[in-house]
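> Quick one, structure for this:
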Amino acid sequence: MVCTLLLSCKEDVLPKPNAFLALTYEHPEYQPYSSDSCAYVFMKNANAVVRYKSDCSAVLEYPALDAALYLTYRPVNNNIKQLLTDAQKLTYEHVIKADNISEEKYLNDEHKVYGMFYDVAGNAASQSQFYVTDSISHFITGSIYFNVKPNYDSILPAAAYMKDDIKHLMESLRWKK
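Purely as a prediction, here's the structure:
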């Protein structure tokens with residue numbers, strides 16, 4: 001009888017469900033950014049630190065996200081077809097690790113900015129890539145990279161935040177006259 005009493009008072013052990021870290025980021029504030037020697041200007045997130053290279057390519061570093069947006073500038077010299085092919089090839093090199101790559105066209109006739117945004121789902125090295133051009137003189141490609149081994153579920157909130165920044169950069173980009 002004593003055994004029955006001791007066994008009946010014991011609670012069932014239930015496994016705890018897996019928990020995920022809920023990452024939130026402050027609403028971005030954008031400010032105009034340009035280099036005197038480069039042919040383009042854009043709005044950048046105040047949390048990003050910009051470092052230009054001598055060829056007008058740039059790196060926007062996001063210290064809080066341990067990530068960077070790499071911009072590569074190329075002048076168009078009767079090579080627009082090759083630049084477009086190279087940009088698309090760079091994106092589709094991630095198809096091995098990607099679950100899906102979706103494309104979004106970007107057209108801004110008023111400011112002559114045309115391009116493509118690529119959203120890469122899965123454990124690829126870069127979750128978002130893009131290119132913009134005026135088709136005559138300027139061509140810019142961009143890719144985000146996190147300084148961690150790709151784990152799509154873990155970096156998804158940061159990747160979504162960066163995706164919004166890329167779209168804002170594309171929408172605000174202007175070519176200097």
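
> Now do the same for D55: helix, strand or coil?
coil (DSSP: H, G, I helix; E, B strand; the rest coil).

> So for the closest residue to it other than its chain neighbours, what's the pLDDT?
Nearest non-adjacent residue to D55, counting by CB to CB, 6 or more residues apart in numbering: Y73, 6.4 Å away. Where you see a C-beta, it was placed from the backbone N, CA and C, and this is true even at glycine. Predicted confidence (pLDDT) for Y73: 97.

> so the residue lying closest to Q127 once chain neighbours are set aside is in which element?
Closest residue in space to Q127, ignoring its immediate chain neighbours: A159 at 4.0 Å, by CB to CB, 6+ apart. In this assignment (DSSP states H and E), A159 forms part of helix 152-172.

> Buried ones in that helix, by neighbour count?
Going by neighbour count (16 or more other CB atoms under 10 Å), the buried part of helix 152-172 is 152, 154-155, 157-159, 161-163, 165-166, 168-170, 172.

> swap in stretch 86-97?
In stretch 86-97, counting by 16+ other CB under 10 Å, buried: D86, A87, Q88, L90, T91, H94.

> so how far is D36 from the third one?
Using CB to CB, to the nearest Å, one gets 32 Å for the distance from Q88 to D36.

> circling back: name the next helix or strand following the helix holding A159 along the chain.
Next along from helix 152-172, by DSSP H and E: strand 174-175.

> all helices for this protein, in order.
2-8, 80-92, 152-172 (DSSP state H).

> Format the ones you listed as a markdown table; extra columns: mean pLDDT.
Below are the helices of the chain laid out as a markdown table (pLDDT from 0 to 100):
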| stretch | mean pLDDT |
| --- | --- |
| helix 2-8 | 52 |
| helix 80-92 | 91 |
| helix 152-172 | 90 |
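
> Which residues are in contact with the residue nearest to Q127?
Q127, S128, I144, F146, Y152 (CB atoms under 8 Å, 6 or more residues apart in numbering).

> In contact with the residue nearest to Y106 when sequence neighbours are not counted, which residues?
Using CB to CB, 6+ apart and skipping residues adjacent in sequence, the residue nearest Y106 is G115, 4.5 Å away. Shown in contact with G115 (CB under 8 Å, 6+ apart): K105, Y106, F130, Y131, V132, T133, M170.
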